[in-house]
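J.: give me coordinates for this.
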Amino acid sequence: MKKVLVAFKTKYGSTKQYAEWISEELNCSALPLDQVKSEDIKQCDVVVFGGYLYAGKIMGAEFINNNWPLLQGKEVILFTASGSPPESQGLKDAFNKGFPEPVRAKIRYFPMPGRMGKLDLKDNILMLFPRTGAYLSWLVKRDERSKFIAESLGKPFDHVKKENIEPLVREVESIRN
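T.: Prediction:
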């Protein structure tokens with residue numbers, strides 16, 4: 001059976017929660033990205049990376065890009081946790097910007113809904129700009145979508161559910177067997 005490693009980078013806890021659930025289901029280790037060593041990668045056949053979306057970028061993408069020579073011959077799976085719907089164009093754009101085409105072509109990507117609790121000061125300031133833009137859009141358009149976005153940006157939410165990992169787990173199990 002192929003050996004699997006789950007590595008993750010988290011901010012508000014959703015990526016860590018998914019990584020823990022995935023490692024339980026696959027009976028493998030889960031490590032924070034800053035604890036992963038090249039030896040850990042060398043010993044695995046399948047590497048599952050978890051990151052989160054922040055300011056339009058996938059946090060953890062640089063680790064994959066920097067370690068691509070070690071990862072090239074392995075099965076690489078990426079999941080992200082974010083406030084964006086999994087099918088959103090913003091997630092597709094972040095994936096495309098985060099990895100060069102030859103790397104993207106080899107990664108299986110599973111975007112998942114995330115969680116966000118109370119924002120820290122930095123994130124509150126960052127959210128000020130899109131919130132203001134959404135509010136101005138609502139003032140001009142007076143549509144419900146703009147109003148919803150203006151009112152919900154920066155507010156706590158939790159869409160993390162164990163069933164969200166099922167497609168990723170099935171994919172890894174099909175690779176393993």
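J.: low-confidence ranges in the chain?
T.: For the chain, no stretch has pLDDT under 70.
J.: which residue ranges of it form helices?
T.: 14-26, 38-42, 61-66, 68-71, 89-98, 101-104, 121-141, 144-152, 166-176 (DSSP state H).
J.: any idea which of those helices is most buried?
T.: Greatest average neighbour count among these goes to helix 14-26 (a mean of 22), per mean count of other C-beta atoms under 10 Å. Any C-beta I mention is one placed from the backbone N, CA and C, and that applies to glycine too.
J.: any idea how far that helix is from the chain center?
T.: With C-alpha atoms, centre = their mean, to the nearest Å as the basis, helix 14-26 stands 12 Å off its chain's centre.
J.: likewise stretch 152-168?
T.: With C-alpha atoms, centre = their mean, you get 11 Å for stretch 152-168.
J.: and what of stretch 46-57?
T.: Mean-position distance between stretch 46-57 and its chain equals 4 Å (C-alpha atoms, centre = their mean).
J.: ditto for stretch 137-149
T.: 28 Å.
J.: so what's the residue nearest to the spatial centre of the chain up against?
T.: Taking C-alpha atoms, centre = their mean, the centroid of the chain lies closest to Thr80, which sits 1.2 Å from it. By C-beta atoms under 8 Å, 6 or more residues apart in numbering, the contact list for Thr80 reads 15, 50-53, 58, 91, 94-95, 109-112, 114.
J.: again, 10 Å this time
T.: Going by C-beta atoms under 10 Å, 6 or more residues apart in numbering, Thr80 touches 9, 14-15, 18, 49-53, 58-61, 86, 91, 94-95, 98, 109-114.
J.: hmm, back to that, and the helices of the chain as a markdown table, adding distance to Val4?
T.: Shown next, in a markdown table, are those (distance: least, C-beta to C-beta, whole Å):
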| stretch | distance to Val4 |
| --- | --- |
| helix 14-26 | 5 |
| helix 38-42 | 11 |
| helix 61-66 | 16 |
| helix 68-71 | 13 |
| helix 89-98 | 21 |
| helix 101-104 | 20 |
| helix 121-141 | 32 |
| helix 144-152 | 36 |
| helix 166-176 | 6 |
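J.: any idea which of these gets closest to Met1?
T.: Set against Met1 and scored by C-beta to C-beta, these come closest in helix 166-176, at 5.6 Å.
J.: helices and strands around that closest one, which ones?
T.: For helix 166-176, the packing partners by 3 or more C-beta pairs under 10 Å, 6 or more residues apart in numbering; DSSP states H and E come out as strand 4-8, helix 14-26, strand 46-54, strand 75-82, strand 107-113.
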